[in-house]
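Asker: here is a sequence with its predicted model. Questions after.
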Amino acid sequence: MFDPDLIVAWLAEVQHGSTVALRKDIAWASGAEPANASRWMEMLDVLGIVDISWASQTWRARPLTLTPLPGRYNVAVLAGARPDAAYWSHLPGVVFRNYPSPANQLPLPASVWMQWDDLEETRKIAAALGAEPVSCVAETIARRLDRIALGELTAPPARTTGLARFDNSTGNFLSCAYSSHPQDGLYEYKLYGRLPRYATVRNGSWYAAGKRIGIHLELPSGSFPLQWRPDSGTRDGQTLGQLIAPYKALLPKPQEEAAVMCTGLPPLKTEAGRVYDGVPRWIAGRIAQSLRRNLEIR
């Protein structure tokens, strides 16, 4: 049976390697298709367990840290690549949860929290695990979010490459003909006929783009909006709530990491989009502002 926590312990031991080799290992261990293995690896990146560079085809384990959760007293999440559960599951104050995964997806590793009455005792436990206590990661990331902007200039795709242009009204990519004078917008094409790539055109110049950032740059601020729903009747900046990102406009990695680290839980996939629990209103606002988007308060 595929044990995601055992895989994380192995990653903590190995520390770094090739994404190609890791995808093969995950697919072999789980019996899953390579595409499912890749999606599982992407979630490890979002959960702050590893850093993945798909461009350089490398991964690296993140240091083990203990970071407080925003808006919650005496609760911290264990982030980074961690040892096997046998080392931490029995410790005082440790709470962990295995997040339910859809039938067609690989199970994710458990989220691990520490609750404490005595901060000094928790620091001793963290030290025994080799975890470094740090300030709130979610708040740190949120404060450092810059407004998204065009990427670096890049060469236009080959004339023989099939092109698709992002349509703001539907949130879909629609096939289009190659032109030496392309319309402004976000384009999708294939590199070497198989690798999906994205680029933004402005005034005839092509700029490299990630898919999610490129989409947010194209969308009007009110189209496919981000939504925030409070957990309680109050709606001030520190109020916790659910941040909802529609599937047509998913969060780029830094923004998604800020949302995920508010609880240490992966997003819940619903009909409305991806739902991130426990996000303070001010962090939701910072995420929306960095993406040049409106935040609807529900």
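Answerer: Happy to help now that I have it.

Asker: residue 97 pairs with what?
Answerer: residue 111 (DSSP bridges).

Asker: list the contacts of stretch 160-180.
Answerer: 157, 159, 183, 185-190, 193, 214-215, 218-220, 223-224, 246, 248-249 (C-beta atoms under 8 Å, 6 or more residues apart in numbering). For every residue, glycine as well, the C-beta is placed using N, CA and C.

Asker: tell me the buried residues in it?
Answerer: Buried residues in stretch 160-180, counted by 16 or more other C-beta atoms under 10 Å: 163-166, 171, 173, 176.

Asker: report the two of those separated the most.
Answerer: Using C-beta to C-beta, the buried residues of stretch 160-180 span at most 17.6 Å, a distance reached by 163 and 171.

Asker: all helices for the chain, in order.
Answerer: Secondary structure of the chain (DSSP state H): helices located at 4-14, 19-30, 34-46, 119-129, 137-144, 211-218, 253-260, 281-290.

Asker: about what we covered before: name the nearest of the buried residues of stretch 160-180 relative to residue 114.
Answerer: residue 171 (40.2 Å).

Asker: selecting buried members of the contacts of stretch 160-180 in ChimeraX, what would you type?
Answerer: Filtering those down to the buried ones (16+ other C-beta under 10 Å) takes a single ChimeraX command:
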select :157,185,186,187,188,189,214,215,218,219,224,249
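
Asker: picking that back up, ok, the buried residues of stretch 160-180 vs residue 124, which is closest?
Answerer: Relative to residue 124, and with distances defined as C-beta to C-beta, the nearest of those is residue 171, at 50.2 Å.

Asker: now do the closest one, the pLDDT please.
Answerer: The model reports residue 171 with a pLDDT of 95.

Asker: which among the helices of the chain is found nearest to residue 228?
Answerer: Nearest to residue 228, of all the helices of the chain, is helix 281-290, at 4.3 Å by C-beta to C-beta.

Asker: could you export stretch 51-62 as PDB, CA atoms only?
Answerer: Provided in PDB are the C-alpha atoms of stretch 51-62 (Å, rounded to 0.1, in the frame of the first residue of the first chain):
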ATOM      1  CA  ASP A  51      10.900  22.700  -3.600                       C
ATOM      2  CA  ILE A  52      10.400  21.600  -7.200                       C
ATOM      3  CA  SER A  53      11.900  23.100 -10.300                       C
ATOM      4  CA  TRP A  54      10.300  21.600 -13.300                       C
ATOM      5  CA  ALA A  55      12.500  23.700 -15.600                       C
ATOM      6  CA  SER A  56      15.700  22.300 -14.200                       C
ATOM      7  CA  GLN A  57      14.100  18.900 -13.400                       C
ATOM      8  CA  THR A  58      15.300  18.900  -9.800                       C
ATOM      9  CA  TRP A  59      13.700  18.700  -6.300                       C
ATOM     10  CA  ARG A  60      15.100  19.600  -2.900                       C
ATOM     11  CA  ALA A  61      13.700  18.900   0.500                       C
ATOM     12  CA  ARG A  62      12.800  21.900   2.600                       C
END
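
Asker: what about that stretch, distance to the chain center?
Answerer: Computed by C-alpha atoms, centre = their mean, to the nearest Å, the chain-centroid distance of stretch 51-62 equals 14 Å.

Asker: what's in contact with that stretch?
Answerer: Residues outside stretch 51-62 that contact it (C-beta under 8 Å, 6+ apart): 11-12, 14-20, 22, 41-42, 44-45, 48-50, 79-81.

Asker: over to stretch 41-50?
Answerer: 8, 11, 19, 22-23, 26, 51-52, 59-62, 79-82, 108-109, 111, 137, 253, 256-257, 260-261, 264, 266.

Asker: ok, residue 76 to residue 118 distance?
Answerer: Separation of residue 76 from residue 118 (C-beta to C-beta, to the nearest Å): 13 Å.

Asker: and the two? which has more neighbours close in?
Answerer: residue 76 (26 against 11; other C-beta atoms under 10 Å).
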